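>>> Got a sequence here, can you model it:
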Amino acid sequence: MSLTPPQVVLVEDNEDDVFLLRRALQKAHLEVSLHLLQDGQEALDYFERLADQNAAEASLPDLVLLDLKLPFVHGFEVLTFIRSQPQLRDLNVIVLTSSGELRDQERATELNAHSYFVKPPHPDMLAEVARVLSASA
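Below you'll find the model as predicted:
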C-alpha cells in the first residue's frame, strides 16, 4: 500500500520563488503534492470552491503556503476568507513572503497564520513545514 504525499497549496506569483521552494523541498527530502495558485484571485476562487463543497466531498490541503504580495487580491484577503469559513478555518497556513515588516507579522498572527517566514525558503521554514505536515498526517 502506498501512502499519498501530503497536499500542499502554494499561493505564489513569482516563478523564481516557486522554483526555489520546489528545490528546497526536494533537498530537504519533503515529498509533497504541490498545487500552485499564481495570484490572489485564483486562490480566493479555489478556497471559495472548497468552502462550497460539503464536508464529505471536500479534499482539503494539509498545508497552505501563502505569499502576501499577490496580484489582484492581497494575501491577507485570502487568509481572512479562509479564517471566515467554518470548513476552512482550521487549515494550516504558513505565510511565506518577502515582507519582514512587523505590522505584517502582527496581522498574520491576528489572522491565526500558523507561522510567518520571510523568503527565500530556509532550513527553519522547512523544518516547520515538515513538523506541520507530520502533525496533520
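
>>> so where's this structure uncertain?
Using pLDDT under 70 as the threshold, the predicted model of the chain has low-confidence ranges 1-2, 54-58, 137.

>>> Break down it into its helices, ranges please.
In the chain, the segments counted as helices under DSSP state H are 15-27, 40-52, 75-84, 102-110, 123-136.

>>> What residues of the longest one count as buried?
Same thing as helix 123-136. Using 16 or more other Cβ atoms under 10 Å as the burial criterion, the residues of helix 123-136 that qualify are M125, L126, E128, V129, A130, V132, L133. Every C-beta, even on glycine, is put in place using the N, C-alpha and C of the backbone.

>>> And the fourth one, by the same measure?
Buried residues in helix 102-110, counted by 16+ other Cβ under 10 Å: D104, Q105, R107, A108.

>>> Skip the chain neighbours and tell me the closest residue to the first one.
Once its chain neighbours are removed from consideration, D104 has its nearest residue in L68; the separation is 6.3 Å (Cβ to Cβ, 6 or more residues apart in numbering).

>>> what sits against the one you found?
Residues counted as contacts of L68 (Cβ atoms under 8 Å, 6 or more residues apart in numbering) are H74, G75, F76, V95, T97, S99, D104, A108.

>>> hmm, try it at 7 Å
By Cβ atoms under 7 Å, 6 or more residues apart in numbering, L68 lies in contact with H74, G75, F76, V95, T97, S99, D104.
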